[in-house]
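Visitor: predicted model and sequence follow; I will ask about them next.
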Amino acid sequence: MVRVEGLAPGGDAVGRQEGGKAAGRATFVALAAPGERVQARLTREKGRVAWADLIAVDEPSPERVDPPCALFGRCGGCQWQHVALETQRAAKRDIVARALRLPREAVPLLAPAEAGVAYRERAQFVVGADGALGFRARRSHQVVDVDRCLLLAPALQRVLAQAMRPAVASFPPGTELDLQAGREGVHVTVRLAVGGSREGSVPFATLPPAWSAAGVVGMRVVDGRADNAALMVRMGLDDVDIAVAGQGEPALRIPAGAFSQVGAAANQALVATVLDQVGEAPGRVLELYAGSGNFTRFLLGRATKVTACEGDPAAVARGRRTAPSADWSKHPPHLVDADTVVVDPPREGLDAENLAAVLQAKRRVVYVSCDPQTLARDAARLAQSGFVLRAAVALDLMPHTYHVEVVATFDRP
């Protein structure tokens with residue numbers, strides 16, 4: 001038996017075993033809810049920690065709700081649909097506070113997707129065997145067939161139903177289809193499976209009328225999934241503008257499959273939080289992991305100078321179009337002459353080269369993180385170099401999943 005205490009990073013619930021020699025051992029149980037007493041089957045053990053599958057709920061939690069999607073539990077896209085939305089958000093706030101060793105009340109949480117649905121304007125689907133089209137199953141490479149997803153924005157749902165599903169037989173199993181919605185419509189990147197059959201796998205010389213009618217404005221087909229995969233077919237627009245319409249945002253053109261935030265509302269909240277922490281007069285700004293210029297396009301209006309660094313050559317090319325007034329580079333400078341450093345690393349956190357640049361900030365570091373644990377590690381490194389954590393804001397950009405974004409601000413006294 002396990003008494004469940006809360007939700008944990010990575011998507012499982014966590015609690016303590018009851019009775020026997022293992023009493024008190026921390027145990028992670030997928031699909032359990034905080035406050036429950038559950039029966040669980042152990043799948044893995046390591047010292048004083050164990051992992052288990054849920055067998056039965058003996059004492060249900062008031063925080064448990066009926067999942068709004070019938071595929072929940074099989075599909076790997078969501079982890080927390082069975083828990084009330086406010087409980088999910090409280091858990092994310094607690095996870096960030098614990099990681100940074102802050103009191104819970106010191107970490108505000110923003111939730112731009114208030115209702116928790118229809119917020120995804122980018123998604124990746126996989127072609128499975130026997131015509132399946134959907135997402136990977138939970139803890140499996142199998143494909144769960146998905147007719148509709150409550151997280152998809154209407155533009156993506158329409159493309160899924162009217163364009164992708166009728167054409168799924170044209171692509172070999174294992175093919176990935178990236179979708180990105182923008183102001184003009186939806187861009188699609190088809191990544192053919194490595195080793196899959198290429199015969200008949202590029203069926204279109206131009207966009208089919210049904211795809212255009214569904215809102216697809218451009219498509220490219222690439223051979224394989226690597227960043228430098230060979231382009232086989234390109235038609236229509238090369239990318240779409242994901243800037244928020246009608247609010248004066250500078251354009252941000254992104255092709256399907258390139259990194260962007262999950263949706264326009266989420267990105268707008270994240271950008272606003274970063275700019276608030278950067279301040280009105282950040283001086284000279286160094287931006288690391290600058291991507292395609294998402295933050296850069298706004299920093300130019302505040303900083304006396306912006307140097308933007310990004311390791312992906314394709315993203316650098318897009319960034320130069322998005323924010324041509326910035327100085328763009330593939331690698332951070334060895335000697336940093338910046339008052340403020342803005343950094344948005346991948347889930348792994350800062351690598352050695354970028355960490356060395358961050359530590360040279362003269363006044364402030366604004367750190368955007370998608371992983372509170374690696375943020376905590378890097379926060380300790382910053383503290384060792386004299387920086388003080390001044391603020392941390394959590395953002396629930398992906399409801400019903402365990403993902404949480406954090407904007408942490410560090411000042412040099």
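Guide: Noted; the coordinates are in hand.

Visitor: am I right that residue 242 is in contact with residue 267?
Guide: Yes. Using CB atoms under 8 Å, residue 242 and residue 267 qualify as a contacting pair, with a distance of 7.2 Å. The C-beta positions use only the backbone N, C-alpha and C, and glycine is treated the same way.

Visitor: so these two - more neighbours on which side?
Guide: The residue with more neighbours, out of residue 242 and residue 267, is residue 242; 24 against 21, by other CB atoms under 10 Å.

Visitor: could you find the closest non-adjacent residue to that one?
Guide: residue 182 (4.8 Å; CB to CB, 6 or more residues apart in numbering).

Visitor: run a quick neighbour tally on that neighbour.
Guide: Residue 182 - counted by other CB under 10 Å - has 27 other residues nearby.

Visitor: low-scoring stretches of the protein, by residue?
Guide: 194-203, 225-228 (pLDDT under 70).

Visitor: helices of that one, residue ranges please.
Guide: For the chain, the helices defined by DSSP state H occupy 85-100, 154-159, 165-167, 209-214, 264-278, 296-299, 313-322, 352-358, 372-384.

Visitor: look up how far residue 335 lies from the residue nearest to residue 290 when sequence neighbours are not counted.
Guide: Nearest residue to residue 290 in three dimensions, chain neighbours excluded: residue 308, at 3.9 Å (CB to CB, 6+ apart). Distance, residue 308 to residue 335, by CB to CB, to the nearest Å: 17 Å.

Visitor: ok, now how distant is the nearest residue to residue 376 once chain neighbours are set aside from residue 347?
Guide: Nearest residue to residue 376 in three dimensions, chain neighbours excluded: residue 99, at 4.2 Å (CB to CB, 6+ apart). Going from residue 99 to residue 347 by CB to CB gives 14 Å.

Visitor: which one of those two has more residues nearby?
Guide: Using other CB under 10 Å as the criterion, residue 99 and residue 347 rank with residue 99 on top: 23 against 10.

Visitor: the more buried one contacts residue 375, doesn't it?
Guide: Yes. Using CB under 8 Å, residue 99 makes contact with residue 375 at a distance of 6.4 Å.

Visitor: buried sites along stretch 323-337?
Guide: 323, 326, 328, 332, 336 (16 or more other CB atoms under 10 Å).

Visitor: and the gap between the second one and residue 310?
Guide: It refers to residue 326. 11 Å.

Visitor: show me whatever sits in contact with both of the two.
Guide: 290, 319 (CB atoms under 8 Å, 6 or more residues apart in numbering).

Visitor: quick revisit: which neighbours do residue 242 and residue 267 share?
Guide: residue 260.

Visitor: beta partners of the residue lying closest to residue 393 once chain neighbours are set aside?
Guide: Ranked by CB to CB, 6+ apart and with sequence neighbours excluded, the top spatial neighbour of residue 393 is residue 407, at 4.8 Å. Note on residue 407: beta-bridge partners by DSSP bridges are residue 368, residue 393.

Visitor: which residues touch residue 407?
Guide: Contacts of residue 407 by CB under 8 Å, 6+ apart are 270, 273-274, 277, 366-369, 392-393, 395.

Visitor: and those residues as a markdown table, adding distance to residue 233 and neighbour count?
Guide: A markdown table is the format used below for the contacts of residue 407 (distance: CB to CB, whole Å; neighbours: other CB atoms under 10 Å):
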| residue | distance to residue 233 | neighbour count |
| --- | --- | --- |
| 270 | 33 | 23 |
| 273 | 39 | 22 |
| 274 | 37 | 21 |
| 277 | 43 | 23 |
| 366 | 40 | 27 |
| 367 | 40 | 27 |
| 368 | 35 | 22 |
| 369 | 37 | 27 |
| 392 | 45 | 24 |
| 393 | 42 | 20 |
| 395 | 37 | 24 |
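
Visitor: and of the residues you listed, the nearest to residue 65?
Guide: Minimum distance to residue 65 across those is 22.5 Å, recorded for residue 395 (CB to CB).

Visitor: apart from its chain neighbours, what residue comes closest to the closest one?
Guide: Per CB to CB, 6+ apart, closest to residue 395 is residue 405, 4.2 Å.

Visitor: list the contacts for the one you found?
Guide: Residue 405 touches 270, 368-370, 394-395, 397, counting by CB under 8 Å, 6+ apart.

Visitor: residue 371 versus that one, what's the distance?
Guide: 10 Å.

Visitor: go on, residue 393?
Guide: For residue 393 relative to residue 371 (CB to CB), the value is 15 Å.

Visitor: same question, residue 125
Guide: Taking CB to CB, one finds residue 125 at 25 Å from residue 371.

Visitor: quick one: which of those two has more around it?
Guide: residue 125 (24 against 20).

Visitor: contacting residues around the more buried one?
Guide: 133-135, 146, 160, 164, 176-177, 179.

Visitor: if you set the cut-off to 6 Å instead, what comes out?
Guide: Counting by CB atoms under 6 Å, 6 or more residues apart in numbering, residue 125 touches 133, 177.

Visitor: and it, bridged to which residues?
Guide: residue 177.

Visitor: kindly report the same for residue 64.
Guide: Beta-bridge pairing for residue 64 (DSSP bridges): residue 83.

Visitor: that one: how many residues sit nearby?
Guide: 18.

Visitor: so it sits against residue 32, correct?
Guide: No. Counting by CB atoms under 6 Å, residue 64 stays clear of residue 32, with 8.8 Å between them.

Visitor: ok so, going back, please produce JSON lines containing the contacts of residue 407, extended by distance to residue 287.
Guide: Shown next, in JSON lines, are the contacts of residue 407 (distance: CB to CB, whole Å):
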{"residue": "270", "distance to residue 287": "14"}
{"residue": "273", "distance to residue 287": "15"}
{"residue": "274", "distance to residue 287": "10"}
{"residue": "277", "distance to residue 287": "13"}
{"residue": "366", "distance to residue 287": "9"}
{"residue": "367", "distance to residue 287": "12"}
{"residue": "368", "distance to residue 287": "10"}
{"residue": "369", "distance to residue 287": "15"}
{"residue": "392", "distance to residue 287": "20"}
{"residue": "393", "distance to residue 287": "19"}
{"residue": "395", "distance to residue 287": "19"}
